[in-house]
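Participant: how would this look folded up:
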Amino acid sequence: MSTQHDPGVVNLRDKLARFDETWTPKLIGALNGQLVKLAKLEGELMWHAHEDEDELFLVLEGELTIQLRDRDDVHLKVGDMYIVPKGVEHNPVTTTGASVLLFEPEATKHTGEHMTERTVIDQQWI
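Facilitator: Okay, the predicted model is just below:
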């Protein structure tokens, strides 16, 4: 995955307007081995875990529930943030649709070790 240097000022609304695909994170920034991504979500993704990486979700639009294996679900509204700890199996779900900012290490695989037709291997810069 290539990193982009000095993207300047990034307007999140402008970046969100550039794509419609759901469950397809788009890269908008990189720093210190971390990637900043935007994604539009609808329905549910799948149960998966990131064994070695934490994953930050910040809801920009809509509402999101993060189902957690053997833990209470986390319900997020606009402006809410939650960090899924590394190794915790989770499933993002939204009935209303949501747009989120994600922050995670560059090595993080989209759906962990679970590969399906929804898994995005080559995430694109916008």
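
Participant: which residues does the residue nearest the centre of the chain bridge with?
Facilitator: By Cα atoms, centre = their mean, the chain has its centre lying nearest to L102, at 4.1 Å. Taking DSSP bridges as the rule, L102 bridges to K37, F57.

Participant: would you confirm that it contacts L41?
Facilitator: No - applying Cβ atoms under 8 Å, one finds L102 not in contact with L41, separated by 10.3 Å. The way it works is simple: take the backbone N, C-alpha and C, and place the C-beta from them, glycine included.

Participant: the lowest-mean-pLDDT helix or strand in the chain - contacts with which helices or strands?
Facilitator: Ranked by mean pLDDT, DSSP states H and E, the weakest helix or strand in the chain is strand 124-125, scoring a mean of 90. Here strand 124-125 touches strand 26-31, going by 3 or more Cβ pairs under 8 Å, 6 or more residues apart in numbering; DSSP states H and E.

Participant: got the buried residues for the strand it packs on?
Facilitator: K26, L27, I28, G29, A30 (16 or more other Cβ atoms under 10 Å).

Participant: if I look at the fourth one, how far off is D122?
Facilitator: To D122, G29 is 18 Å away according to Cβ to Cβ, to the nearest Å.
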